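Peer 1: What would the 3D arrangement of this be:
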Amino acid sequence: MISTFFGLEIARRALFVNRALIDVTSHNVANANTEGYSRQEGLVVNTPPISLPSIGIVGTGAQLSYIRRVRSEFLDIQYRDENRIKNYWDELKSSLEEVEYILGEPSNNGLSSIMDSFWNSWQELSTNPESMSVRGSLKEQAQSLISFLAHIRSELVLQREQLSKDLEIQVDTINDIATQIGALNEEIKRAYIRGQSPNDLLDKRDLLLDKLSGLINFDVRINEVGEAVINIRDHLLVGINNTVYRMTVSSGKILWEDGADVYLGNEQGKVPGIIYILNNIIGTVSDTSYQYETGYLSVIDRLTTVIYERVNELHRSGYGLDNSTGIDFFTLVDAGKGINANNIKINDLILQDLNKIASASSLDAPGDGSNALKIARIKGEFLVDGSFTVGDYWKNQVSMLGIISQRANLISENQKVLVDAISSRREEVSGVSIDEEVINMIKYQQAFSAASRILTTLDEMLSILIERTGVVGR
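Peer 2: Presented below is the predicted three-dimensional model:
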């Protein structure tokens, strides 16, 4: 026989279930604009039925089994993979734009134009070798060329320094994210051991993993107690029991605390993008002139070296108006350093006396401008790799930069569209819709009201049973 109070228990469970569902809805609405929050929903299940001999199996109501977060692991993996690529190309795009701005090409005031003016000044000197105004103009054009080369090099060095600082900041960010994930792992593990589902903690950790994916490539595995174990290739970043392995930056390289190199794959986040720009686009800073071409620092220093050596070679063989000879047109600012754009100047002897500019090819020939003509014709000599003039070499390097920059722009835009599409799909799955939550709230409110009405009805029935049974006939 069913207990007299059996219906009260069913109504009580209904009240508790719908009250809890309203709380879940309230939590969703409160976090509708919280970054990384996943919509939560309560899973309601039947309570175990009872079997009565005279009636059969009778339901006992419902209960809230657990509160789950609505999340797609597949979309998370997709987002992080594409976000890594996007951030890599975003970094290349912004850095390449800055390099293009520094080089200032194509432009009427760029290096190509300044080099042309420099050669033209020698050409003009060859036709007017005795003119002091022409010699003065040549000196100014040479100074403009030196200053512009030095400016480009200084700006590239400055950009390298800024990127190096940014690299340290990004590595510190990775370490900070790893530390936070390790701490969250401990809280999540304790909740799992208690049989609870720490939805908000899981959201925080997933948000950190999303941010980490924009910086560097990694693999993540969730173990049986809910800890996220993170590997970067064959090295642990975050292990079990809140174990975190930090990174450091040394001489432009990223190392683990034990001194091992951090593996950085291509197109795998912002950090590899910075490394690529530093090593391949800007290049290595050296005071001993270029050794091999790793970037535009080497390009500038190579141009400087070729012009410096060839102009000096011809100038030493010529004669000035005062019959001076064997004088270099360019000299080094610091003789202890090599030839680079920040370490050359016009010879002080020439600055003090323009008569020493060697325009002639023989003694006592003030009207001879043949040596100046030879220097002017350097413009057409294949001095770089035996295949390029200095002008063509520079234009070729600028064109290559433009092609790389165009490719970075295209891929960056494509990746943005892809990442935005995946983000929209994630939002459709995990995001909070205020309209849906309001509908759910009304549904739960009505169910709660109905359960309250059932409870009131049962209370009235029991009141009649208790207070009036046996009263009739007294």
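Peer 1: low-scoring stretches of the stretch 251-400 of the chain, by residue?
Peer 2: The model of the stretch 251-400 of the chain has pLDDT under 70 over residues 285-294.
Peer 1: Show me where it has its strands.
Peer 2: For the stretch 251-400 of the chain, applying DSSP state E, counting those that start in this stretch gives strands covering 253-256, 330-332, 344-346.
Peer 1: Alpha carbons of the first one, as PDB, please.
Peer 2: Same thing as strand 253-256. This file holds the C-alpha atoms of strand 253-256, laid out as PDB (Å, rounded to 0.1, in the frame of the first residue of the first chain):
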ATOM      1  CA  LYS A 253      66.500  31.300 -28.300                       C
ATOM      2  CA  ILE A 254      63.700  29.700 -26.200                       C
ATOM      3  CA  LEU A 255      65.000  27.100 -23.800                       C
ATOM      4  CA  TRP A 256      63.500  24.900 -21.100                       C
END
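Peer 1: what does it rub up against?
Peer 2: By CB atoms under 8 Å, 6 or more residues apart in numbering, the residues outside strand 253-256 that reach it are 167, 171, 235, 245-249, 261-262, 264, 271, 275. Glycine gets a C-beta too; all of them are placed from N, C-alpha and C.
Peer 1: all helices of this structure, in order?
Peer 2: 6-30, 73-103, 111-127, 132-193, 199-213, 270-276, 296-317, 348-352, 370-376, 390-430, 434-468 (DSSP state H).
Peer 1: Show me this protein divided up by domain.
Peer 2: Annotated domains of the chain cover 6-70+434-468, 73-430 [automatic domain parsing].
Peer 1: coming back round to it: dump the helices of the chain into JSON lines; add mean neighbour count and distance to Ser362 as well.
Peer 2: Converted to JSON lines, these look like this (neighbours: other CB atoms under 10 Å; distance: least, CB to CB, whole Å):
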{"stretch": "helix 6-30", "mean neighbour count": "18", "distance to Ser362": "92"}
{"stretch": "helix 73-103", "mean neighbour count": "19", "distance to Ser362": "41"}
{"stretch": "helix 111-127", "mean neighbour count": "19", "distance to Ser362": "14"}
{"stretch": "helix 132-193", "mean neighbour count": "18", "distance to Ser362": "18"}
{"stretch": "helix 199-213", "mean neighbour count": "20", "distance to Ser362": "71"}
{"stretch": "helix 270-276", "mean neighbour count": "23", "distance to Ser362": "54"}
{"stretch": "helix 296-317", "mean neighbour count": "21", "distance to Ser362": "11"}
{"stretch": "helix 348-352", "mean neighbour count": "14", "distance to Ser362": "20"}
{"stretch": "helix 370-376", "mean neighbour count": "22", "distance to Ser362": "8"}
{"stretch": "helix 390-430", "mean neighbour count": "16", "distance to Ser362": "27"}
{"stretch": "helix 434-468", "mean neighbour count": "13", "distance to Ser362": "91"}
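Peer 1: And those, which one averages the lowest pLDDT?
Peer 2: Of all the helices of the chain, the minimum mean pLDDT falls on helix 434-468 (a mean of 90).
Peer 1: how far is that helix from where the chain is centred?
Peer 2: 55 Å (CA atoms, centre = their mean, to the nearest Å).
Peer 1: Which other helices and strands does it contact?
Peer 2: helix 6-30 (3 or more CB pairs under 8 Å, 6 or more residues apart in numbering; DSSP states H and E).
Peer 1: Now do the helix it packs on against helix 199-213, angle only.
Peer 2: Calculated by axes from the mean of the first three to the mean of the last three CA atoms, to 10 degrees, helix 6-30 forms an angle of 30 degrees with helix 199-213.
Peer 1: still on that earlier bit, just so I know, which of the strands of the stretch 251-400 of the chain lies nearest Ala451?
Peer 2: Ala451 lies closest to strand 253-256 among these, at 58.7 Å (CB to CB).
Peer 1: buried residues in that closest one?
Peer 2: Within strand 253-256, the residues that qualify as buried are Ile254, Trp256, counting by 16 or more other CB atoms under 10 Å.
Peer 1: Pull the distance from it to the chain's centre.
Peer 2: Chain-centre distance of strand 253-256: 18 Å, with CA atoms, centre = their mean.
Peer 1: now swap in stretch 431-439 and tell me
Peer 2: Taking the mean of its C-alpha atoms, stretch 431-439 sits 34 Å from the chain's own mean (CA atoms, centre = their mean).
Peer 1: Over to stretch 241-260?
Peer 2: On the basis of CA atoms, centre = their mean, stretch 241-260 sits 19 Å off its chain's mean C-alpha point.
Peer 1: That one spans what distance, first to last residue?
Peer 2: 23 Å (CA to CA, to the nearest Å).
Peer 1: Can you point out the buried residues in that stretch?
Peer 2: Asn242, Val244, Tyr245, Met247, Val249, Ile254, Trp256.
Peer 1: mind checking how far the second one is from Ser38?
Peer 2: What that stands for is Val244. Here the criterion is CB to CB, to the nearest Å. By it, Val244 lies 25 Å from Ser38.
Peer 1: what do you get for the fifth one?
Peer 2: Val249 sits at a distance of 34 Å from Ser38 (criterion: CB to CB).
Peer 1: Please apply the same query to the first one.
Peer 2: For Asn242, the distance to Ser38 (CB to CB) stands at 24 Å.
Peer 1: The third one now?
Peer 2: For Tyr245, the distance to Ser38 under the criterion CB to CB works out to 29 Å.
Peer 1: Not counting residues beside it along the chain, what's closest to Leu264?
Peer 2: Take Leu264 and drop its neighbours on the chain: the residue closest to it by CB to CB, 6 or more residues apart in numbering is Pro272, 4.3 Å away.
Peer 1: residues touching the one you found, list them.
Peer 2: Tyr88, Ile216, Asn217, Leu264, Gly265, Asn266.
Peer 1: Max pairwise distance over the residues you listed: which two?
Peer 2: Most distant of these, by CB to CB, are Ile216 and Asn266, 12.3 Å apart.
Peer 1: Pull the contacting residues for the closest residue to Gly214 other than its chain neighbours.
Peer 2: Excluding the flanking residues, the one nearest Gly214 by CB to CB, 6+ apart is Asn87, at 4.2 Å. Listed by CB under 8 Å, 6+ apart, the contact set of Asn87 reads Gly214, Leu215, Gly269, Lys270, Gly273.
Peer 1: Cheers, nothing more for now.
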